[in-house]
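Student: Sequence and predicted structure are below.
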Amino acid sequence: MKVLVFDTAAEASAKAFDYFGEALGKGASVFGLATGSTPEKLYEMMTQSDIDFTQATSINLDEYYGLSGSHPQSYRYFMEQHLFNKKPFKHNFLPNGLNENVEEETAHYDQIIAENPIDLQLLGIGVNGHIGFNEPGSDFEGKTALVDLTTSTIEANKRFFESVEDVPTKAYSMGIKSIMSAKQILLLAFGESKAEIIKAMVEGPVTTDVPASALQNHDNVVVIVDKAAASLLS
Ligand code: GLP
């Protein structure tokens, strides 16, 4: 893994933006995208730039189970507000959180990923090391699945909801195997709350206890962090 440390999240986001531009310049056309507060600045930079995604496809990592795409806390809504409404793509794929036929939805999403191999995958990281919604214990060989969110993830995400009871307890998530199949991966993490998990991901053992540690086995990963998130790295 290549680790790049920046003084601020804004500088780190600008670097991530450069990677997107570079990838597009080299012919990348499929981008794996992430939600959460971490990529917000990057998406803002994209919408304020002349970067052109009109010939590109996006595939998001995950979606809450039970929320429609028009629900303000759904990841589709987040992506539309932060990026897609201002920066059109040719296609935008996210799991359909309302599909109760789990087998059908997961097979369909895996087919989308198989038909659109991801050139550049953007990731954030949960404080427990989750990527997408692949919680600790997730199989590194896993594909798209309906996953149970851990208490720590529900707690971390409750800030976006009126109360903790409103946070969905399940989500559809791309699996670690699909994430690992991307040609290049960019993981962003900002702030002191991510310092411990960044150390575990970069310097700790490769273990399903820390899902993001799987990335140590990928040959083209760039970790872009601010000083605070890098503070425990030796
Ligand atoms: C969510 C998302 C992840 C994201 C993580 C961190 O649970 N499913 O894709 O990386 O939270 O979020 P944040 O960037 O807000 O810290």
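Tutor: Arrived safely. Numbering: from 1, shown residues only.
Student: Which strands and helices lie in contact with the worst-scoring helix or strand of the chain on mean pLDDT?
Tutor: Least confident helix or strand, the chain: helix 151-157 with a mean of 91, by mean pLDDT, DSSP states H and E. With contacts taken as 3 or more C-beta pairs under 8 Å, 6 or more residues apart in numbering; DSSP states H and E, helix 151-157 sits against no other helix or strand. Heads up, the C-betas are built off the backbone N, CA and C, glycines and all.
Student: Spell out which residues of this protein are next to the ligand.
Tutor: 34-38, 61-62, 124-126, 132-133, 153, 157 (C-beta under 6 Å from any ligand atom).
Student: Pipe these into a markdown table and attach distance to Ile197, secondary structure and neighbour count per row.
Tutor: Formatted as a markdown table, these follow (distance: C-beta to C-beta, whole Å; DSSP: H, G, I helix; E, B strand; the rest coil; neighbours: other C-beta atoms under 10 Å):
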| residue | distance to Ile197 | secondary structure | neighbour count |
| --- | --- | --- | --- |
| Ala34 | 15 | coil | 23 |
| Thr35 | 18 | coil | 25 |
| Gly36 | 13 | coil | 18 |
| Ser37 | 15 | coil | 12 |
| Thr38 | 12 | coil | 24 |
| Leu61 | 17 | coil | 28 |
| Asp62 | 18 | strand | 24 |
| Gly124 | 11 | coil | 20 |
| Ile125 | 6 | coil | 25 |
| Gly126 | 8 | coil | 24 |
| Gly132 | 15 | coil | 28 |
| Phe133 | 15 | coil | 27 |
| Thr153 | 12 | helix | 21 |
| Asn157 | 16 | helix | 19 |
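Student: coming back round to it: compute the mean per-residue pLDDT across whichever helix or strand comes after the least confident helix or strand of the chain, please.
Tutor: Sequence order places strand 170-173 as the next helix or strand after helix 151-157, per DSSP states H and E. For strand 170-173, mean pLDDT is 98.
Student: and if you look at stretch 57-67?
Tutor: Rounded mean pLDDT across stretch 57-67 is 98.
Student: Return the set of buried residues in it.
Tutor: Thr57, Ser58, Ile59, Asn60, Leu61, Asp62, Glu63, Tyr64, Tyr65, Leu67 (16 or more other C-beta atoms under 10 Å).
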